[in-house]
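Colleague: sequence-free structure coming up:
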């Protein structure tokens, strides 16, 4: 069972996260298709799209402030994978269909994403996330975000580098609102660093730990 994290953890800015990497080529290609349509209609969108090579589902976010904490998190990742491996023996297939959005303030759409289909496998992923989080808590590592998990694949997200875009207009993606993006079979979990690319060609994040 997930416990409440200390207030000190919530006040720390996250710089790392545990996630499931998306490797499905069909999912990547369909998201890329939507992004190309969005940038064709509004070239400035190129500044805020999520590169398909970086697609992932975030399970929890962390603030790791020292080499010691990174090593603790690596051990927690190994323990978490051990705790979920039995469940993953039964293939966990995630289906992504339809486009969803997150809003802030007065109807400002700041994130557009591919939604995870609401079925038994989504519930399995939610339980898997709880196991990961509780395992990290056993290692005295806590999430900086206490909001319920809302698994999704980010297509585009407003950021400080895109001041010209105040909100993502629905007309940019509405023709793909009911698109089935594809499926992903969960193989394992990764501990990643935010904002640090391990391979400029691949464009993925720096990997602290990966299981299996």
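Modeller: Cool, got the structure. Because the structure is a prediction, the values reported are computed rather than measured.
Colleague: count of residues packed around residue 98?
Modeller: The tally of other residues near residue 98 (other CB atoms under 10 Å) stands at 15. The C-beta positions use only the backbone N, C-alpha and C, and glycine is treated the same way.
Colleague: Can you spell out which helices and strands pack onto the lengthiest strand in the chain?
Modeller: Ranked by residue count under DSSP state E, the longest strand found in the chain is strand 93-104. Here strand 93-104 touches strand 108-116, helix 120-138, strand 152-157, strand 180-185, going by 3 or more CB pairs under 8 Å, 6 or more residues apart in numbering; DSSP states H and E.
Colleague: Mind listing residues that contact the last one?
Modeller: Strand 180-185 is touched from outside by 20, 22-24, 26-27, 30-31, 91-97, 114, 153, with contacts defined as CB atoms under 8 Å, 6 or more residues apart in numbering.
Colleague: 6 Å instead, please
Modeller: 22, 24, 26-27, 30, 91, 93-97, 114 (CB atoms under 6 Å, 6 or more residues apart in numbering).
Colleague: Then the first one?
Modeller: With contacts defined as CB under 6 Å, 6+ apart, strand 108-116 is touched by 94, 96, 98, 100-104, 122, 151-158, 167-168, 173, 181.
Colleague: Direction included, what does that strand pair against?
Modeller: Partners of strand 108-116 in the sheet, by DSSP bridges, are strand 93-104 (antiparallel), strand 152-157 (antiparallel).
Colleague: Can you show me the helices along this protein?
Modeller: Assigned helices in the chain, in chain order: 7-10, 25-41, 67-88, 120-138 (criterion: DSSP state H).
Colleague: What score does the residue nearest to residue 161 when sequence neighbours are not counted have for pLDDT?
Modeller: In space, residue 161 comes closest to residue 47 once its chain neighbours are excluded; the distance is 5.9 Å by CB to CB, 6 or more residues apart in numbering. Residue 47 carries a pLDDT value of 91.
Colleague: Residue 47 and residue 39, how far apart?
Modeller: To residue 39, residue 47 is 9 Å away according to CB to CB, to the nearest Å.
Colleague: Could you check how many residues crowd around the residue lying closest to residue 23 once chain neighbours are set aside?
Modeller: In this structure, residue 23 finds its nearest non-sequential neighbour in residue 184, 6.9 Å apart by CB to CB, 6+ apart. Look at residue 184: counted by other CB under 10 Å, it has 23 neighbours.
Colleague: Going forward, count from 831.
Modeller: Done: numbering now begins at 831, and the last item shifts to residue 1014.
Colleague: Residue 1014 pairs with what?
Modeller: Taking DSSP bridges as the rule, residue 1014 bridges to residue 924.
Colleague: Show me which residues of stretch 906-916 are buried.
Modeller: Neighbour-count burial for stretch 906-916, with 16 or more other CB atoms under 10 Å as criterion, is recorded at 906-911, 914.
Colleague: re the thing from before, now tabulate the helices of the chain in TSV and tack on distance to residue 939.
Modeller: As requested, these are exported to TSV (distance: least, CB to CB, whole Å):
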stretch	distance to residue 939
helix 837-840	26
helix 855-871	12
helix 897-918	33
helix 950-968	23
